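J.: would you be able to build a 3D model of this:
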Amino acid sequence: MKGQTKCNSCGQSLTSDELSGGSPRDILICVQCRKLSTAQHRHGWQPIMQWDDGFEGLRLASRAPVPWDSSNVVLMHLTHGGGISVTHSLTGKRQMLKDAAPDDMVLAAWPGARRQDVFIVDNRKAALQALQAKAS
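T.: Numbers count the residues shown, from 1 in each chain. Below is the predicted model:
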């Protein structure tokens, strides 16, 4: 079974060391993604909904080739106050990324080749730049 279990964040195969330690939630995220998550928390980025370290199956958008300009990619904005909005359009995605407060959560849903994936938009600036490049 070695090499068949994947990290929920980046999709890379987990090592034997990563699979052998800790509680069940600990085996679903690789060391590199765990360090990235910890670094984000140190720099003040906190999602409005708190997950355990493994993000419970959500992946980081910065670690995937998300086609931001595709109408198949949906952005969801969850505000700190509990509001939710969704958009498919390029202009809507640009505006959502600009309007989201630092303590809001922005998720991207993208139907991949074999399954529907949901990503935490952890680098909003890079996502917005990808969308702006398409506007030119």
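
J.: and M105, how far is that from C30?
T.: Computed with C-beta to C-beta, to the nearest Å, the distance linking M105 and C30 is 22 Å. Quick note: C-beta positions are derived from backbone N, CA and C, even for glycine.

J.: now do A64
T.: Look at A64 and C30: by C-beta to C-beta, they are 14 Å apart.

J.: among the two, which residue is more densely surrounded?
T.: A side-by-side neighbour count of A64 and C30, using other C-beta atoms under 10 Å, places C30 first with 20 against 16.

J.: I'd like to know how many residues surround the residue nearest to that one when sequence neighbours are not counted.
T.: Once flanking residues are discounted, C30 sits nearest to C7: 4.0 Å by C-beta to C-beta, 6 or more residues apart in numbering. Residues lying near C7 (other C-beta under 10 Å) number 22.

J.: L128 against D99, yeah?
T.: No: between L128 and D99 there is no contact under C-beta atoms under 8 Å: 10.9 Å.

J.: more neighbours: which of those two?
T.: More crowded of L128 and D99, by other C-beta under 10 Å: L128, with 19 against 12.

J.: report pLDDT for K98.
T.: With respect to pLDDT, K98 scores 94.

J.: which non-adjacent residue is nearest it?
T.: Spatial nearest neighbour of K98, excluding adjacent residues (C-beta to C-beta, 6+ apart): L128 at 6.8 Å.
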